[in-house]
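> give me the fold of what follows.
(one chain, ligands or ions: 1)
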Amino acid sequence: MSETAVARPGVRSEVGRLRTVMLHRPGAELKRLTPRNNDALLFDGLPWVDRAQTEHDAFAAVLRSRGVEVLYLAELLTQTLAGAAAREQAIALTLADLRLGDRLRGYLRGMAGDLDPEALAGVLMAGLRNDEVDGSGSLVTALLPDQEFLVNPLPNLLFTRDSSVWVQDRVTITSLAMHARRRETQLTELIYTFHPRFAGVERIHGWQQEHLEGGDVMALADGVLAVGVGERTTPAGAERLARTAFAEGLAHTVLAVPIDQDRATMHLDTICTMVDTDAVVMYPNVAHRLAALTVRAGRDGDLEVDGPVPFLEAAARAMGIDQLRLIDTGLDPVTAEREQWDDGNNTLAIEPKVAVAYERNEETNSRLAAAGIEVLAIAGSELGSGRGGPRCMSCPISRD
Ligand SMILES: NC(=[NH2+])NCCC[C@H](N)C(=O)O
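The predicted structure follows:
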């Protein structure tokens, strides 16, 4: 493939050479965080936005330096909103909120209709506060506090991993479990439906379906998916993905992996990521109790379910390899817990044995290096306050 050719979209592995990735450079939506709303908006603190942008630019630069094409969600969204149908759908979905009432909704529809694509994308991402609207003449604006959001901001757009996930050459529009993130997938759906770059790409799942988040979905090998089931992805979400994947010939095996229903382990990728075709780095405090159910297509659209057996064993069997190597970080439980919280296990492989990781997790990173993994360390002091690492902050669109 020549340097300038656009890589065909599709993802069949966690570690195949990364060609194209979607990121979101943090922006005005992060400036909406306050000590009063940060918990509800799923941030553990208030990031210093300028510094978060600098850190994010450095992340993107590392990827580009390795030949990865970086697409930005905000740019794709703005380009998408240049089309009338996408615009109309975006405005209708965003203003459907019953809190608005008819009068204010009508007023906002007019206001949004006058915005150029960039400004409209800005409102969809950063939201709109009651005191930013005047002259609506509605009782709703008169009664609501000034600082109340009429359109909620989406600070977690930063974690592009969760709001869509490619399975082979299809894109999964996920369904996010937390209220603060529900609208994100309306935006990814718009992009994948209307942006010319994705014309002809078939979509699966959808934001109206059972909860399923990209941080829980892993392509262990061609035809083998692992799906974490816990705080975010529900059993029903995993079941629908398995059925769809079998029906469409996108996988032969799905491993359903129960994980603790805690913030620290909100997604499978907070405890385990792949760093080589046959190796994972995993939070040592859970490594030996993580188990999986093996799901395969049964007769007449039924699912055949086996297990549970230890995750590493189930995975190796499904992948058709002797062993899925656990890179044992061997850390004492307290260091392991601290580094897991700071996304030490949340690495982004950009090819086999090469992974991006937060620099702060020094011990995990040095164990990875000792195991032969090239660690591309990035700063994440500000980025990390939303509890997400390099894998969470990236949606691979094309991998070899
Ligand atoms: N794939 C991931 N681990 N994503 C992390 C998402 C973090 C985000 N603040 C949330 O709570 O949803």
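> so which bits of stretch 306-324 are buried?
Going by neighbour count (16 or more other C-beta atoms under 10 Å), the buried part of stretch 306-324 is 308, 311-312, 314-319, 324. Just so you know, the C-beta spots here come from the backbone N, C-alpha and C atoms, and that holds for glycine as well.
> out of those residues, which is nearest to residue 216?
Relative to residue 216, the closest of the buried residues of stretch 306-324 is residue 311; by C-beta to C-beta it sits at 13.5 Å.
> and the gap between that closest one and residue 288?
9 Å (C-beta to C-beta, to the nearest Å).
> for residue 307, list the residues it contacts.
Residue 307 is in contact with 291-294, 314, counting by C-beta atoms under 8 Å, 6 or more residues apart in numbering.
> out of those, list just those in strands.
In strands, judged by DSSP state E, the following of the contacts of residue 307 are found: 291-294.
> need the phi and psi values for residue 285.
Dihedral pair for residue 285: phi -70, psi -10, per degrees, to the nearest 10.
> oh, that last question was meant for residue 290, not what I typed.
phi -70, psi 130.
> isn't it up against residue 272?
Yes: counting by C-beta atoms under 8 Å, residue 272 is a contact partner of residue 290 at 7.3 Å.
> hang on, the earlier thing: which ones among the ones in strands among the contacts of residue 307 also lie next to the ligand?
Restricting these to those touching the ligand (C-beta under 6 Å from any ligand atom) yields no residues.
> from those, pick the one nearest residue 396.
Within the ones in strands among the contacts of residue 307, distances to residue 396 taken as C-beta to C-beta reach their minimum at residue 292, with 22.5 Å.
> leaving out chain neighbours, which residue sits closest to the residue of the stretch 151-300 of the chain found nearest the ligand?
For the stretch 151-300 of the chain, the residue closest to the ligand is residue 215, as judged by C-beta to the nearest ligand atom, at 2.3 Å. Nearest non-adjacent residue to residue 215, counting by C-beta to C-beta, 6 or more residues apart in numbering: residue 267, 3.0 Å away.
> quick one, strands of the stretch 201-350 of the chain?
Taking DSSP state E, counting those that start in this stretch as the criterion, the stretch 201-350 of the chain carries its strands at 203-205, 217-221, 224-229, 253-258, 272-276, 279-282, 291-297, 303-310, 325-327, 348-351.
> mean pLDDT lowest where, among the ones you listed?
Here the lowest mean pLDDT among the strands of the stretch 201-350 of the chain goes to strand 325-327, at a mean of 92.
> for it, which outside residues touch it?
The contact list for strand 325-327, computed with C-beta under 8 Å, 6+ apart, reads 275-276, 278-282, 287, 312, 367-368, 371, 373.
> before we move on, what about stretch 246-259?
Contacts to stretch 246-259, defined as C-beta under 8 Å, 6+ apart, come from residues 167-168, 170, 204, 220, 223-231, 235, 238, 241-242, 244-245, 265, 267-268, 271, 286, 290-297, 301, 303, 308, 311, 314-315, 318.
> now which of those residues would you call buried?
Burial by neighbour count, judged by 16+ other C-beta under 10 Å, picks out 167-168, 170, 204, 220, 223-231, 238, 241-242, 244-245, 265, 267-268, 271, 286, 290-295, 297, 308, 311, 314-315, 318 from the contacts of stretch 246-259.
> residues contacting residue 273?
Residue 273 neighbours (C-beta under 8 Å, 6+ apart): 14, 218, 280-281, 345-349, 355, 391.
> which neighbouring elements make contact with the lowest-mean-pLDDT helix or strand in the chain?
Between all helices and strands in the chain, the lowest mean by mean pLDDT, DSSP states H and E belongs to helix 284-287, at a mean of 87. Under the contact definition 3 or more C-beta pairs under 8 Å, 6 or more residues apart in numbering; DSSP states H and E, helix 284-287 sits against helix 333-341.
> now the helix it packs on: buried residues?
Applying 16+ other C-beta under 10 Å to helix 333-341 flags 335-337, 339-341 as buried.
> now do stretch 355-372
In terms of neighbour count (16+ other C-beta under 10 Å), stretch 355-372 has its buried residues at 355-358, 360-361, 363-365, 367-368, 371.
> contacts for the host helix or strand of residue 105?
Here residue 105 sits within helix 101-113, counting by DSSP states H and E. For helix 101-113, the surrounding residues in contact (C-beta under 8 Å, 6+ apart) are 87, 91, 94-95, 100, 120, 123, 128, 133, 135-141, 150-151.
> from these, keep the buried residues only.
Applying 16+ other C-beta under 10 Å to these flags 87, 91, 94-95, 100, 120, 123, 128, 133, 136, 138, 140-141, 150-151 as buried.
> and the end-to-end length of stretch 316-328?
Using C-alpha to C-alpha, to the nearest Å, the end-to-end distance of stretch 316-328 comes to 17 Å.
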